[in-house]
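Engineer: Below: sequence and its predicted model.
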Amino acid sequence: MKRDELFPSKYLKAADLKGKPVVVQIDRAAPEVLKNDRGEEQSKLVIYFAKARKGLVVNMTNYDSIAAMHGGDTDDWRGGRIELYPTMAAMRGKTVDCIRVRVPSDALNLVPLPKPEPKPEPESPPKSLREELDDEIPF
């Protein structure tokens, strides 16, 4: 058995992606109290996805990537699509597996819809003769 099979995690790990990127839709984002490497409790942001059992603990790098796509308020992330992909990162002098976030690759191929034509301003009613002749004299 592999390590991840022996010690399953409630949260996504790079191994869960099986070496391939996956596009997900954000269901919710909420802070949760987790224990860090020293056993201390710490509040971390966790995002959960539609049709997925595990959430992703969000670090600052991934937060910034999601915020660039869906805004800086996590309440606005619901329904947003992101692509999770496995990669490597340096952490405390070691290179470790990690999950990073980017714009979904299928979104890059979408043809943007044309912007709607602006609606013409409604015409103002014609001025009466009295209004036409009531100009201010500039001197």
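Structural biologist: Perfect, thanks for sending it.

Engineer: Just the CA trace of the longest helix belonging to the chain, in CSV.
Structural biologist: Assignment by DSSP state H gives helix 60-70 as the longest helix of the chain. What follows is helix 60-70 as a C-alpha-only set of coordinates in CSV (Å, rounded to 0.1, in the frame of the first residue of the first chain):
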residue,chain,number,x,y,z
MET,A,60,-1.4,32.7,-0.1
THR,A,61,-0.1,31.7,-3.6
ASN,A,62,-3.4,29.9,-4.4
TYR,A,63,-5.5,32.6,-2.8
ASP,A,64,-3.9,35.3,-5.0
SER,A,65,-4.5,33.1,-8.1
ILE,A,66,-8.1,32.6,-7.2
ALA,A,67,-8.6,36.3,-6.2
ALA,A,68,-7.2,37.3,-9.6
MET,A,69,-9.9,35.3,-11.3
HIS,A,70,-12.9,35.7,-9.0
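
Engineer: can you pull the contacts of the spatially most central residue of the chain?
Structural biologist: Nearest residue to the geometric centre of the chain (CA atoms, centre = their mean): Ile66, 3.2 Å. Neighbour list for Ile66: 26, 47, 58, 77, 80, 82, 101 [criterion: CB atoms under 8 Å, 6 or more residues apart in numbering]. (C-beta placed from N, C-alpha, C; glycine too.)

Engineer: Setting aside sequence neighbours, what's the nearest residue to Lys35?
Structural biologist: Spatial nearest neighbour of Lys35, excluding adjacent residues (CB to CB, 6 or more residues apart in numbering): Glu41 at 5.9 Å.

Engineer: same check, this time on Gln42
Structural biologist: Asn36 (5.0 Å).

Engineer: what's the burial count for that neighbour?
Structural biologist: 9 (other CB atoms under 10 Å).

Engineer: That one and Leu12, how far apart?
Structural biologist: 18 Å (CB to CB, to the nearest Å).
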